[in-house]
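In: Coordinates for the following, if possible.
(2 chains)
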Number of protein chains: 2
Amino acid sequence: MEIKVMEKVIEANKNKSNEIRNLLNQKNILMLNLISSPGSGKTSLLEQTIPVLQDKYRIAVIEGDITTDKDAKRLNKFGIPVVLINTNGGCHLNSASIAKALTELDLNNLDLIFVENVGNLVCPSEFNLGEDTKVAIVSTPEGEDKPAKYPMLFRNAEIAVLNKIDLIDILNFNTDDFYADLQKLNAGLTIVEVSCTRKKGIKKWLSWVEKKLSIKKESEVINER
Amino acid sequence: MEIKVMEKVIEANKNKSNEIRNLLNQKNILMLNLISSPGSGKTSLLEQTIPVLQDKYRIAVIEGDITTDKDAKRLNKFGIPVVLINTNGGCHLNSASIAKALTELDLNNLDLIFVENVGNLVCPSEFNLGEDTKVAIVSTPEGEDKPAKYPMLFRNAEIAVLNKIDLIDILNFNTDDFYADLQKLNAGLTIVEVSCTRKKGIKKWLSWVEKKLSIKKESEVINER
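Out: I've put the predicted structure just below:
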């Protein structure tokens, strides 16, 4: 009996992610699932992204944290809807919690939802939240070997953001190996280098987000025809 | 039936950690379970530790990685036994894999085993491997808020190693908040600041390891009386 419950849970999760995907497609909302180790710069990237894009697009954030509202508070200053999910020890967000968080948002007035996952380079990669795509974030102090050592995220993401590029000169970071490993794992991956603290490289990241938004809008027009 | 299997797995894990603890106590081997995010410096700390201590103590490493033998290869140069566990996607080491790894080591000729866990600040904190204690490693680029945001490891560890202290001047790292948060989580925690690349602060860490080793030896004398 209990294994049935487990299957139901997995099945329910799967259904939730499909439900979420269908719902967001219907509402033409782009959802990006930001995944990285703790401290790689997910919140910092959002702090550089939201103020630029919020004049053109209606944005919300679903903020995943094990405990505390530290990151949610950092984003509150932008005056956009932020829904905080505290996982209470849980190592990743699941589609059930996302489905619940979506009920807190006015989906008729949104273009873009950023999901900031729990800081963890392993577990969140395995869970489909109904997002349009996963965004991998990794920072130079972590070392160039992280894609090779933690490959799942980099295989499943459409874009990898290499943050803290301003530190690269004082670190022993082998850029060639970093790019070569990513190429091996996922030849179609877009890679952008940024420094959130120095506000460098952000435009390339914003262009990618806007391109994803325009593709989503195009599919809306097609849907309405 | 299946839930029984699950209970058995959990029970088996628990028994394995007890078995391991008993075995290592009997052999008077100190086992330290190193836990951190990817790229915080677990392997780098071992690279600074092993060459200094290996003249006085017989050391082995159990190296946990999702995939690749990159870290194991970095430690091979010291000519000590290194057992690599590839978890194939698994987000933490468990006691069953440690028990198996121990069968690869000559436990009659060891004083100290370092377990380098999978890079993950969340999941490995929850699993008892039969270690004497967990060692928390965190690095300055990750930010001072990591203990507050990922508290479990810092509650369960006896020592926290703050690595990459050489970068602190160019980072926005609030040392006061870092120490205050740790004090709140675990008042008895030892904290050492190191830079593995600049070889700074290592002595304090080594002193802590040697103190743990001497306590283990004392209990051996007591056991033999």
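In: Which residues of chain A lie near chain B?
Out: Applying Cβ under 8 Å from any Cβ of the partner chain, we find that chain A lies next to chain B at A:1-3, A:6, A:37-39, A:65-68, A:70-71, A:89, A:91, A:118-123, A:126, A:139, A:141-143, A:145-146, A:148-152, A:164, A:167, A:170, A:172, A:197. Quick note: C-beta positions are derived from backbone N, CA and C, even for glycine.
In: so of those, which ones are in strands?
Out: Counting by DSSP state E, the residues of chain A next to chain B place A:D65, A:S139 in strands.
In: Which of the residues of chain A next to chain B are buried, as a PyMOL select command?
Out: To isolate the buried subset of those in PyMOL, counting by 16 or more other Cβ atoms under 10 Å in any protein chain shown, use the following:
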select buried, chain A and resi 37+38+39+65+66+68+71+91+118+119+120+121+122+123+139+141+142+143+145+146+148+149+150+151+152+164+167+197
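In: So, low pLDDT: which residues of chain A?
Out: Residues of chain A that meet the criterion pLDDT under 70 lie in A:1-14, A:220-225.
In: quick one, strands of it?
Out: Along chain A, the stretches classed as strands by DSSP E are A:30-35, A:59-65, A:82-86, A:112-116, A:133-139, A:157-163, A:190-193.
In: Of the ones you listed, which is nearest A:T43?
Out: strand A:112-116 (6.5 Å; Cβ to Cβ).
In: And the contacts of that closest one?
Out: Strand A:112-116 has contacts (Cβ atoms under 8 Å, 6 or more residues apart in numbering or on different chains) with A:24, A:29-34, A:42-43, A:46, A:49, A:53, A:57-64, A:71, A:93, A:98, A:105, A:129, A:131, A:209, A:213.
In: let's see it at 6 Å
Out: Outside strand A:112-116, the residues within contact range by Cβ atoms under 6 Å, 6 or more residues apart in numbering or on different chains are A:29-34, A:42, A:46, A:57, A:59-64.
In: Show me how far it is from its chain's centre.
Out: Here strand A:112-116 is found 6 Å from its chain centre; the criterion is Cα atoms, centre = their mean, to the nearest Å.
In: check contacts around the residue nearest the centre of chain A.
Out: The centroid of chain A falls nearest to A:L34 when counting by Cα atoms, centre = their mean (1.7 Å). Residues in contact with A:L34, defined by Cβ under 6 Å, 6+ apart, are A:K42, A:E116, A:V135.
In: and if you look at A:R58?
Out: A:N109, A:L110, A:D111.
In: What of A:C91?
Out: Listed by Cβ under 6 Å, 6+ apart, the contact set of A:C91 reads A:N120, A:C123, B:V122, B:C123.
In: can you list the strands of chain A in CSV and add distance to B:L189?
Out: Formatted as CSV, these follow (distance: least, Cβ to Cβ, whole Å):
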stretch, distance to B:L189
strand A:30-35, 29
strand A:59-65, 22
strand A:82-86, 24
strand A:112-116, 28
strand A:133-139, 26
strand A:157-163, 29
strand A:190-193, 36
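In: For B:D177, which of the ones you listed is the nearest?
Out: Short answer: strand A:59-65, nearest of the strands of chain A by Cβ to Cβ, at 16.8 Å.
In: strands paired with that closest one, and their directions?
Out: strand A:82-86 (parallel), strand A:112-116 (parallel) (DSSP bridges).
In: Of these, which stretch is the most buried?
Out: Among the strands paired with strand A:59-65, strand A:112-116 has the highest mean neighbour count (mean count of other Cβ atoms under 10 Å in any protein chain shown), at a mean of 26.
In: Please save the CA atoms from that strand in PDB.
Out: Output of strand A:112-116 as PDB, limited to C-alpha atoms (Å, rounded to 0.1, in the frame of the first residue of the first chain):
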ATOM      1  CA  LEU A 112       7.600  36.500 -15.900                       C
ATOM      2  CA  ILE A 113       8.100  34.400 -12.800                       C
ATOM      3  CA  PHE A 114      11.500  33.800 -11.400                       C
ATOM      4  CA  VAL A 115      11.800  30.800  -9.100                       C
ATOM      5  CA  GLU A 116      14.800  31.000  -6.900                       C
END
